[in-house]
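A.B. asks: Turn this into a model:
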Amino acid sequence: MDEPLSNLDAKLRVQMRVEITKLHQRLQTTIIYVTHDQTEAMTMGTRIVVMKDGFIQQVDSPTELYDNPVNTFVAGFIGMPPMNFINAMIQVEGDDVYVAFENTSIKLAERYCVPEVIERDGTEVIFGIRPEALTDDGTYVSMHPESAFSADVDVVEMLGAETYLYVTVNGSLPLTARVDPTTSESRVGEVVDIAVDANRVHLFDKDTEQSIIS
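C.D. replies: Predicted coordinates:
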């Protein structure tokens, strides 16, 4: 199937995704499905091949592609809104590892305290944070001050079940956060505190853009 849903409107695409998935389950056969729509790939595929310029970047299950992308291309392609990428510096202090950017320092979870990260002390990396790994929930922020920073709120998009915050850190670094509308009180023009879920971040090599932790 070569992009069979590309000319359909949004509502019909959702209905047809369900029908094709049912057909696949009923036939119990292999279907090769080509798409540029990551939502179609994630919802319908059992194994996904991510390609760039004719070269395979990663072959994996939807969950593995989302949780463990091998490089920045896969990381940015999977997930909506796309992953935030930040040029940051690794800082090792005793048994703790931090990433520093824009006068901000974020303490990483223990699972990042591994040799391939520690040996990069003082070097630049690409720090990846999915929008859903950022929160403006005051309770969470107060409980995790070591992973919090301040940001200016530029735009608030309320989508019902979720809210997108478009913020700027230190006047120059734009970030997108996908937050819970039941706890979010952020308003345009305000300065808010935002915390990172330090267990759900990604580190990539600055030059190769490959994931540092395999």
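A.B. asks: residue contacts, F85?
C.D. replies: T72, A75, G76, I126, F127, G128, F204 (Cβ atoms under 8 Å, 6 or more residues apart in numbering). No exception for glycine: its C-beta is placed from N, CA and C like everyone else's.
A.B. asks: now with 10 Å?
C.D. replies: Residues counted as contacts of F85 (Cβ atoms under 10 Å, 6 or more residues apart in numbering) are T72, A75, G76, I126, F127, G128, I129, L175, H202, F204, E209.
A.B. asks: The fifth one in helix, strand or coil?
C.D. replies: Per DSSP: H, G, I helix; E, B strand; the rest coil, the local secondary structure of F127 is strand.
A.B. asks: so which helix or strand takes in V99?
C.D. replies: strand 96-101 (DSSP states H and E).
A.B. asks: what mean pLDDT does that strand have?
C.D. replies: When pLDDT is averaged over strand 96-101, the result is 93.
A.B. asks: same question, stretch 105-115
C.D. replies: In this model, stretch 105-115 has a mean pLDDT of 91.
A.B. asks: Alpha carbons of that stretch, in CSV - could you do that?
C.D. replies: What follows is stretch 105-115, C-alpha atoms only, in CSV (Å, rounded to 0.1, in the frame of the first residue of the first chain):
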residue,chain,number,x,y,z
SER,A,105,21.4,22.9,34.8
ILE,A,106,19.3,19.8,34.8
LYS,A,107,20.2,16.7,36.9
LEU,A,108,19.7,13.5,35.0
ALA,A,109,18.3,10.3,36.4
GLU,A,110,20.6,7.5,37.7
ARG,A,111,20.2,5.5,34.5
TYR,A,112,22.2,8.1,32.6
CYS,A,113,25.2,7.8,35.0
VAL,A,114,27.0,5.3,32.8
PRO,A,115,30.5,5.4,31.3
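A.B. asks: Just the buried ones out of the contacts of F85, please.
C.D. replies: When these are checked for burial by 16 or more other Cβ atoms under 10 Å, the buried set is T72, A75, I126, F127, G128, I129, L175, H202, F204, E209.
A.B. asks: Out of those residues, which two sit at the greatest distance?
C.D. replies: Farthest-apart pair in the buried ones among the contacts of F85 is L175 and E209; separation 19.1 Å (Cβ to Cβ).
A.B. asks: Just to check, T163 is in contact with T176?
C.D. replies: No - taking Cβ atoms under 10 Å as the definition, T163 is not a contact partner of T176, at 11.1 Å.
A.B. asks: what do the two both touch?
C.D. replies: Common neighbours of T163 and T176 (Cβ under 10 Å, 6+ apart) are E157.
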